[in-house]
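Colleague: Structure, please.
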Amino acid sequence: MRIWSLHPKHLDAKGLVALWRETLLAQHVLEAKTKGYKNHPQLNRFKASANPVDAINFYLSEVYFEAEKRGYKFNREKISWNFISSTINVTKGQIDYEAKHLFDKLQLRDPQKFLECSKIKKFEPHPIFKIIKGNIEEWEIITDGK
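Modeller: Here you go, the predicted structure:
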């Protein structure tokens, strides 16, 4: 599961669809509607927020809006729209790590999006996140020496 700290606009089609599905799973976990993934590290920052369910619905809403801009037909009924917007801190190191991780994925599966993203000097975070100083988040699972 990857719930990107990066703005959904940076993702390719496959990444955006996967993000939607994975965040819906996260929503179910936070609403106690599933038994799996309860302790997934990607959820720690949402669990630590003042209202985890509101936070995940806010997150989903931005994914939905990005999909809508692209002409995708995501089901808006999956979101509880009465959420209160909030912010969650994310470190600069995490944003940089995710940008590199995304580059690696795009290079393999979407050369056009890779080219588009290679011109970006500063990746925007998802609107729920406020960038603060720091290294890669401690909940991140680093693989393959990245």
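
Colleague: can you give me the strands for the protein?
Modeller: Under the criterion DSSP state E, the chain contains strands at 88-91, 129-132.

Colleague: quick one: contacts for P125?
Modeller: For P125, the contact set (C-beta atoms under 8 Å, 6 or more residues apart in numbering) comprises S5, L6, H7, V90, I95, I131. Placement of C-beta: from N, CA and C, glycine included.

Colleague: in the protein, which helix or strand is least confident?
Modeller: Least confident helix or strand of the chain, by mean pLDDT, DSSP states H and E, is helix 111-118 with a mean of 89.

Colleague: Quick one: residues in contact with it.
Modeller: With C-beta under 8 Å, 6+ apart as the contact definition, helix 111-118 has outside contacts at H10, L11, D12, A99, L102, F103, L106, Q107.

Colleague: cool, stretch 42-61 as well?
Modeller: Contacts of stretch 42-61 (C-beta under 8 Å, 6+ apart): 1-3, 20, 23-24, 26-27, 29-31, 37, 78-81, 83-86, 88, 90, 126-128, 137, 139.

Colleague: Show me those residues that map onto helices.
Modeller: W20, T23, L24, A26, Q27, V29, L30 (DSSP state H).

Colleague: circling back to that earlier point, of the contacts of stretch 42-61, buried ones?
Modeller: 2-3, 20, 23-24, 26-27, 29-30, 79, 83, 88, 90, 126, 128, 137 (16 or more other C-beta atoms under 10 Å).

Colleague: can you name the two of those residues that are farthest apart?
Modeller: I79 and E137 (25.1 Å; C-beta to C-beta).
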